[in-house]
Every structure is written in structure tokens, then in C-alpha cells.
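Asks: Using only what follows, build the 3D model:
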Amino acid sequence: MADAFVSLAVQKLGDFLIQQVSLRISLREEVTWLRNELLFIHSFLKDAEIKQCVDHRVQQWVFEINTIANDAVAILESYTFQADDDEFPSRLKACVCIYRKEKKLYNVAEEIQSLKQRIIDISRKRETYGITNINLGDQGPSNQVTTLRRTTSYIDDDHIFVGFQDVVQTLLAQLLKAEPRRTVLSIYGMGGLGKTTLARNLYKNPNIASRFPTQAWICVSQEYNKMDLLKTIIKSIQGRTMGTLGLLEKMDERDLENHLRDLLKERKYLVVVDDVWQREAWESLKRAFPDGKNGSRVIITTRKEDVAERAADRGFVHKLRFLSQEESWDLFLRKLLDVRAMVAEMESLAKDMVEKCRGLPLAIVVLSGLLSHKKELDEWQKVKDHLWKSIKEDKSFEISNILSLSYNDLSIELKQCFLYFGMFPEDRVVKAENTIWLWMAEGFIPRGEERMEDVAEGFLNELIRRSLVQVAKTFWGKVTECRVHDLLHDLVIQKALEVNFFDIYDPKRHSISSLSIRHVIHSQGERYPSLDLSNLKLRSIMVFDPDFRKLRSVLFQHLYVLHLDMHVGNRPIVPDAIGSLYHLKFLRLRGIRRLPSSIGNLKNLQTLCVNEGGQFNQLPLKTAELINLRHLVASYSEPLVHISKLTSLQVLQGVCCDQWKDADPIDLVNLRELDMYDIKKFYSLNNISSLKNLSTLTLHCSNMESLPSLEFVNCCEKLQKLCLDGGIEKLPLFPNSITMIALWNSALREDPMPILGMLPNLKNLQLFRAYEGKEIMCSDNSFIRLEFLILDYLWNLERWDLATSAMPLIKDLLIHRCSKLKEIPERMKDVKHFKHISHMKSYS
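Replies: Residues are numbered from 1 along each chain as shown. Here you go, the predicted model:
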């Protein structure tokens, strides 16, 4: 990973030389020397990273290089921003400007001299430690940046559920049996066996969904907070309304427990308590799950046998087995991207390696993901040789052998992106777009002809294809939420600590590494600001402690990322000093009262997320001066009168229609995604037609109201994804560019299929409470490219006429809560992924 730090420093030094054309010759020579030396050192880093595993002196050498590279970047960025501030328009201030600039040049020269001496010391130590320049091509992946093709060809764990079909049936029978007592079903086994995947398969099973109207899922992990777990369950049952959130913030632990018990006592519920490490964790929670003698169930997953055995007196305990040799090979082939390219010699090598996985699903899918990116026989042989060497040195197989091998195979950019998942708490489900925006802010995504968002999405899909990242949720064929397995999370933290990629605040010792440029606070962070952090050149601070309040004490000049996830009830005020964080590119604030006008100083800000999905807040008019802002996620209490100034804006989410309807968005030439709420029927949305590059549009009405005229939609010539939530009297004409449509609560009286079926590029269609009629008709040659269809909550639907040539490419069909539908077209019953759930007692 040190090569990533040095690569960034070399790039920044080069950019600095290009941008600061007026530098004194002597200083230009110093910067050039520094860049060349770092470039030279870079060629030795591969050997150093191999040797640092057995020589702590080399490990320290790598740490020092990381620090030098980071300091070099910080020095140049500070100078650049301060120099820009001195460009006064008035001639009367020219002398002051020259004096200040010369003083800053002197300071930069002094600091670079200090860096020079440190690099000379580094070079001397390199020779002492015997670190050599080795051929990277023989030892690992190329460091060259390759653009990863954007694709949605990830493989969801639920689609590769191999070997446990018999187990699923056994556990389903236990969950559905006629036993009125609340029963606890415990699944245990070692990490990587698929306990969570099995529980998720049960949780999503159509028979379960129809039998348990109330469902909730919580993940406990090793370090848990009972209050947060109780709140999670309550919010999943009651919803995340402002009333619920406000009520929960006022409750103590006993209140939350009583409130949850009251919620559940009259309901038939299924709750999954995932990843329980201690018996005490379950004991402290189970009081909140009442036994209403109505057949409620709890599923527990754990690695510990004693936790499973003692979870309940008369519960059902299942020990998860390892896969057989045949099942292991089947799973390996399902994950392999191109089975046809595997020649006989490759198959022989693969079978040997799969056998060494000893039936552990996680090891098998990671190995398959690794080999999928090796096209030649000799590359597969090298993987086997590395694996056999690790097994020989460790005297036994460990899953970490394969996980480390897959990690080491990643490019520099992918390593950085993967390590970033370690900053999130264990078992945390993270939003894909949030992760992508963080990568961009950190400089992990190379600039080129493609949009950085597209390249970053390609990186995420690559990690998913390698089974290093798991898909948690998708929408319209796109990953929206993801996670990493806890064993991979452990690996990430281990690798990150080796190179000081980040450090996590330890509240017990009240300490955090001064060598790391990224700090993370997971819990008990109230004392973190009291640490002596004054001399640190921190690039990122991420806080996941809901009780964190002391915002004013965590402002650092060199920050790129400030991510604060706090309870809404705390509502700290953001200090004006936040406007001095000139380098800031990512700012996420949850639970704040307001933003100061100084926010307008953050000219490099790319992402601003404020109370997303929560209460309305006030954004100052100065927000319009964020000229590099690409992603704005916030609710508003003030009109967006100057929004057209945000010409770099690509994503705008959470905007209330009251603030949009009078805006002039004609200059938002880069806006691709617009998500708008609280739309009233009497509004005009015609100004949306001026967004010439809009590709995704989501419109939500309030309180089941009707949408205004949608005729403007046909003018959005690049629109691909359209989600309409609200009543529609008549469908408009849609542009031919449309590939995905979701109609929610539309209450159409005319059959929408004749209009929708003529769209030449439509691939995904979702109808939820969209049609009140009794019959839909799909004529010949309609829906010629449709692949995914969901019919949900069409209560009056009785008949579906499907012509022979309609929907020739359909491969995924869900019919849900259409209880009056008498017959499904015969051809639809043969669709590969077909689910029909005809009855539901309630919508959840």
C-alpha cells in the first residue's frame, strides 16, 4: 500500500510544477528533485512490502515513506490554497500580495529541505536493509491503472446458495410448524460457512414473508450497543418517521425495551439476530421479545456452540456443515466468470485448490473470484504455488491464506478502495454511492475521459466479482448497498494497520495512532477531541458514534473527508470554522441544526450530505458558491434561487418541490440524477425539461396525492431511469431512451401496458399499486427488450393476456399481492427466476 501513497505524492508534485509556472528556479529544482527521488523509491516498495512481514525495521521504513509522501502532499496543497487566496483584484494590494507569496515560497522551500534530509536518510536505510528493485510483473499485479468496465454482472450470494437446499427445507419446517410458543432457532458454525447467507435465504423466503407480517433484522457483532439494536428493530417496525426518531431519542434503555415489547406483543413476528458472540448479548435482548403464543420466531446466528445451545430451553439448534467435494466444485464453477475458458490443465489445478478449501464457501468463492481474473495456465499455476507455499509455512490451511492471496492480487487503486471498507463498523451495510463518493474525495479514482463516478462503480463491481465485497441490496439491476464479510473485515483492518492506512480510536486507552492520516471513531468518542492532535496532517475523520457532539474541536486544515453520523436528537451547531477546511471534498453531517454561510468557502467540495432522509434543514445561500460540488443530498427550507450556479452538480437528492418549482436549472448541464419530494398536483415541473443530460428522475408525491402534468418527460432525451410515486391520470409519452420505469401508487384506470410495451429499450418495469383495472394486455411485438417485471399490489387484477411474441427476453418475474389474478400465462411459469406470492396480510 505504500506505493499508493507515493504514487499520489508523485502525481501531486508533478501537478504542482505544471500549475505553479512562476516558481523561482531554485524552488522548482527542489520540487523536481523531490518528485524524482520519490519516483525512484517507488521502484523498491514491492520488495519492501514483501520483507516487512518478517523484518520490523523494513516495516518502519515503509511507515516513514508513507509519512514523507503525505507531508509532501500537505505542504504543496497548503501553499496552493494560500497562494490562490492572495490573488487580490486591487492593485493597491499588489505589494502585500508579493510579500505574502514570497514568505510562503520561503516556508515551502524550508519544509522541502527538511523532506530532502528525511529522504536521504530513507535511501541510506534502504541499502542497509538490502531492499532491491524487483520486477513487479513476476510478483504481483501491474500498478498501471486500467479502466474497469462498468457492469452489473455481479453475483448475489442468494443466487449461488449451493449445498444447503436440504438445510433450508429443514429450517423452514421448524419456522412454520404449528407451535404457538415463541421459538428460538439457532444456527452455528465457523466463520465463512454461510450462516448469514442461510439466515437471509430463510428471511426472504416467500412462505416466510406471507406467514410473518412483522419482520426485523439486527446484527450484533463483537462490540454491540443494546440501545442501538433496540432502536434498529423499532425503526424497522414503525418506520423512520421524524415522530418515531424524535421519540426514540428521548428513551433510555428500559423505555426502549418496554416500547419494543409493547409493539410486538400482539404481532406474529420473525426477528433475525445475526452474529451473536456472547450469551450475554442475547440474554440482554430476549426480554424485549414477548411470547404472545402466536407462533413468533427468532433466528440466531453465531460462531459459538455454547451461545447456540443455551439460547433457549426448548429451541432448535442447527450446526452448519461444510460443503461436500461435489458441492464445493459446483459453487466454484458458479462463481467463475468464464467456465468455457478453463482448459483441462486449469481444471486439474482448480480442483486441487478447491479441495484445499475444505468445503468452506467463503474460501471457495474468493478463490474463484481470484482465478476469474487470471486468463493463462501459468497464472493459475502461480496461484497454486503461492497457496501451497502458504500452507507449507503455516503447517495447515487457513482461510486467511486465500483471502490474503486475493487481496495481494489487487491493483493499487483497488487495494485502497477495499481497505476503506475497514473504516466502517463491522457488519455495517453501507450505501454504494456513499462509498464511491468517499473514494473520489480521497483521490483513489483516476481522472480520465470517463466520469469518475463510472470508474468508481467499476471498481466496486470488480471487488464484488472477486467476492471481496457482498451485495446487500440492489435496485434496477444496480448495487445500492453492500457489506464485507467479518473475516474479510478482520483482514482489511490487519492490512490497514500494517501501512497506517487508518486507525480506530480506542476509548479504553484513550489513544489513536499519530502516524495515520485517517482517524475513525466507532464509539465513546466524547474524549477524542481532547487528544493532542494539533500537529497531525489528517486527511479524513469518520465518526460513527451516535453520541458524538464536539464538532468544533475536530477541524483540521488538511482534511479531505469529514463524515459525522450522529443522533438527530443531539443536533450540534456546525462552527463557522468549517469554512477554513479548504481541502475538504466530502462533508457528511447528520443530526445538525444548520450550516454556517462559511460553507461557501469550500471551493473543492465534491459531496455534501446533510440530514439525508431526515428533517428539513436550512442551507445558506452561499451553498451556491460551491463550484465543484457534484453530489448534493439534503432537504431544504429555503428556495434554490441560485442553484444554476452549481454547474458541476451531477446528483441532487432530497430536494423538496417547494424549493425547486421556481428554480432556473438551465445551466445544470451536468446534472444526471434528480430525486424530488413533496410534489403537489398544481405544481409545474416543466423546468425539468431543460436538464439535457438527466438520466435518472425520481418524483415523490406527499400523502398519496397525484402528480402534476408529466408531458415534460418526453423532452428529456437522455432519460433512462424513471420512478414516479403518486397518482397519474394518464400516462405521458416517454422518450425512447427509457430503460427502467417504476410506477408506484399511480392508481391508473387505463391499462398501462399498450403504452409501456412500445418502448423499444425498456428492460425493467415495476408496477406497485399502479393500476386499478381488472385486465392487462401485452400485444404482439411488445416489450421486446423487457427482462425484469414486478407486478405488486394490483388488487383488482384478474386476467393477464400475453401475446405469443410479447416479452421474448423476460428472465425475472415477481407477482406479489395480486390475489385475484386467476391465471398466469403458461409461458411466464417457465421464466428462470419466477416468484408468485399471492396473499399477504399486511404491507411491510
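
Asks: residue boundaries of the strands in the stretch 701-844 of the chain?
Replies: With strands called from DSSP state E, counting those that start in this stretch, the stretch 701-844 of the chain shows them at 721-725, 740-744, 764-768, 775-778, 788-792, 799-802, 812-816, 833-837.

Asks: Using JSON lines, lay out these together with mean pLDDT and distance to L626.
Replies: The way it works is simple: take the backbone N, C-alpha and C, and place the C-beta from them, glycine included. Conversion of the strands of the stretch 701-844 of the chain to JSON lines gives the following (pLDDT from 0 to 100; distance: least, CB to CB, whole Å):
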{"stretch": "strand 721-725", "mean pLDDT": "96", "distance to L626": "26"}
{"stretch": "strand 740-744", "mean pLDDT": "96", "distance to L626": "30"}
{"stretch": "strand 764-768", "mean pLDDT": "96", "distance to L626": "34"}
{"stretch": "strand 775-778", "mean pLDDT": "96", "distance to L626": "47"}
{"stretch": "strand 788-792", "mean pLDDT": "94", "distance to L626": "37"}
{"stretch": "strand 799-802", "mean pLDDT": "95", "distance to L626": "50"}
{"stretch": "strand 812-816", "mean pLDDT": "90", "distance to L626": "40"}
{"stretch": "strand 833-837", "mean pLDDT": "73", "distance to L626": "43"}
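
Asks: need the ones you listed in JSON lines with mean neighbour count, can you?
Replies: As requested, the strands of the stretch 701-844 of the chain are arranged in JSON lines below (neighbours: other CB atoms under 10 Å):
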{"stretch": "strand 721-725", "mean neighbour count": "21"}
{"stretch": "strand 740-744", "mean neighbour count": "21"}
{"stretch": "strand 764-768", "mean neighbour count": "21"}
{"stretch": "strand 775-778", "mean neighbour count": "18"}
{"stretch": "strand 788-792", "mean neighbour count": "19"}
{"stretch": "strand 799-802", "mean neighbour count": "16"}
{"stretch": "strand 812-816", "mean neighbour count": "19"}
{"stretch": "strand 833-837", "mean neighbour count": "14"}
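
Asks: TSV please, covering the ones you listed and showing distance to T698.
Replies: Written out in TSV, the entries for the strands of the stretch 701-844 of the chain read as follows (distance: least, CB to CB, whole Å):
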stretch	distance to T698
strand 721-725	4
strand 740-744	8
strand 764-768	12
strand 775-778	24
strand 788-792	17
strand 799-802	27
strand 812-816	21
strand 833-837	25
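
Asks: looking at these, which is closest to K125?
Replies: Distances from K125 to each of the strands of the stretch 701-844 of the chain were compared by CB to CB, and the smallest falls on strand 721-725, at 54.6 Å.

Asks: Outside of that closest one itself, list whatever touches it.
Replies: Contacts made with strand 721-725 from outside it, assessed by CB atoms under 8 Å, 6 or more residues apart in numbering, are listed as 476, 695-701, 707, 710, 713, 734, 738-746.

Asks: Narrow these to those in helices?
Replies: The helices in this structure, assigned by DSSP state H, contain none of the contacts of strand 721-725.

Asks: Can you list phi and psi of L185 for me?
Replies: Here is the backbone geometry of L185 (degrees, to the nearest 10): phi -110, psi 120.

Asks: count of residues packed around S406?
Replies: Counted with other CB atoms under 10 Å, the burial measure for S406 works out to 24 neighbours.

Asks: Find me the pLDDT at the residue nearest to it when sequence neighbours are not counted, would you?
Replies: Spatially, and ignoring its direct neighbours in sequence, S406 is nearest to L370 (4.5 Å; CB to CB, 6 or more residues apart in numbering). Here the pLDDT value assigned to L370 is 90.

Asks: hang on, L370 is in a helix, isn't it?
Replies: Yes: with DSSP: H, G, I helix; E, B strand; the rest coil as the criterion, L370 is assigned to a helix.

Asks: Does it touch S404 like I think?
Replies: No: with contacts counted by CB atoms under 8 Å, L370 stays clear of S404, the gap being 10.8 Å.

Asks: quick one: which of those two has more around it?
Replies: Applying other CB under 10 Å to L370 and S404 shows that L370 carries more neighbours, namely 24 against 16.

Asks: what sits against the more buried one?
Replies: 383, 402, 405-406, 409, 466.

Asks: any chance of those residues in TSV, with secondary structure too?
Replies: Formatted as TSV, the contacts of L370 follow (three-state DSSP):
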residue	secondary structure
V383	helix
I402	helix
L405	helix
S406	helix
D409	coil
R466	coil
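
Asks: Lowest mean pLDDT among the helices and strands of this structure, which one is it?
Replies: When each helix and strand of the chain is scored by mean pLDDT, DSSP states H and E, helix 136-139 comes last, with a mean of 38.

Asks: Give the buried residues for the next helix or strand after that helix.
Replies: Along the chain past helix 136-139, the next helix or strand (assigned with DSSP states H and E) turns out to be helix 165-176. By neighbour count, and taking 16 or more other CB atoms under 10 Å as the criterion, the buried residues in helix 165-176 are 167, 171, 174-175.

Asks: domain ranges for the chain?
Replies: Here the domain assignment for the chain is 2-139, 164-319, 323-501, 739-844, based on automatic domain parsing.

Asks: looking at these, which has the lowest confidence?
Replies: Ranked by mean pLDDT, the domains of the chain end with domain 2-139 at the bottom, a mean of 63.

Asks: and the gap between W61 and R279?
Replies: 46 Å (CB to CB, to the nearest Å).

Asks: between those two, who's got more neighbours?
Replies: Between W61 and R279, counted using other CB under 10 Å, W61 has the larger neighbour count: 24 against 16.

Asks: Within the helices and strands, which one has that one?
Replies: W61 is part of helix 56-85 when elements are defined by DSSP H and E.

Asks: For N36, give me phi and psi.
Replies: Comment: the main-chain dihedrals of N36 come out as phi -60, psi -40, following degrees, to the nearest 10.

Asks: do the same with V272
Replies: In terms of degrees, to the nearest 10, the main-chain angles of V272 are phi -100, psi 120.

Asks: Test my guess that it contacts W217.
Replies: Yes: in terms of CB under 8 Å, V272 counts as a neighbour of W217; the distance is 4.6 Å.

Asks: any shared contact partners between those two?
Replies: Overlap of the contact sets of V272 and W217 (by CB under 8 Å, 6+ apart) consists of Y203.

Asks: If you count surrounding residues, which of the two has more?
Replies: Of the pair V272 and W217, V272 is the one with more neighbours under other CB under 10 Å, namely 21 against 18.

Asks: so what's that one bridging to?
Replies: Beta-bridge pairing of V272 under DSSP bridges involves W217, I299.

Asks: i'd like the first residue to be 13 from this point on
Replies: All right, first residue 13 from here; so that's V284.

Asks: for it, what are its contacts?
Replies: V284 is in contact with 211-212, 215, 228-230, 310-313, counting by CB under 8 Å, 6+ apart.

Asks: Next, give phi and psi for the residue nearest to G769 when sequence neighbours are not counted.
Replies: Leaving aside its chain neighbours, G769 sits nearest to S794 (3.0 Å; criterion: CB to CB, 6+ apart). Phi and psi for S794, reported as degrees, to the nearest 10, are phi -100, psi 160.

Asks: Likewise for T195?
Replies: Main-chain dihedrals, T195, degrees, to the nearest 10: phi -120, psi 140.

Asks: Hmm, R478 and V496 touching each other?
Replies: No: counting by CB under 8 Å, no contact exists between V496 and R478, whose distance comes to 11.6 Å.

Asks: Now do the contacts for C669.
Replies: C669 sits in contact with 688-692, 695, 697, where contact means CB under 8 Å, 6+ apart.

Asks: Please apply the same query to K847.
Replies: Here K847 is in contact with 218, 825-828 (criterion: CB under 8 Å, 6+ apart).

Asks: For those, work out which two are farthest apart.
Replies: Greatest spatial distance in the contacts of K847: P218 and L825, 13.1 Å, computed using CB to CB.
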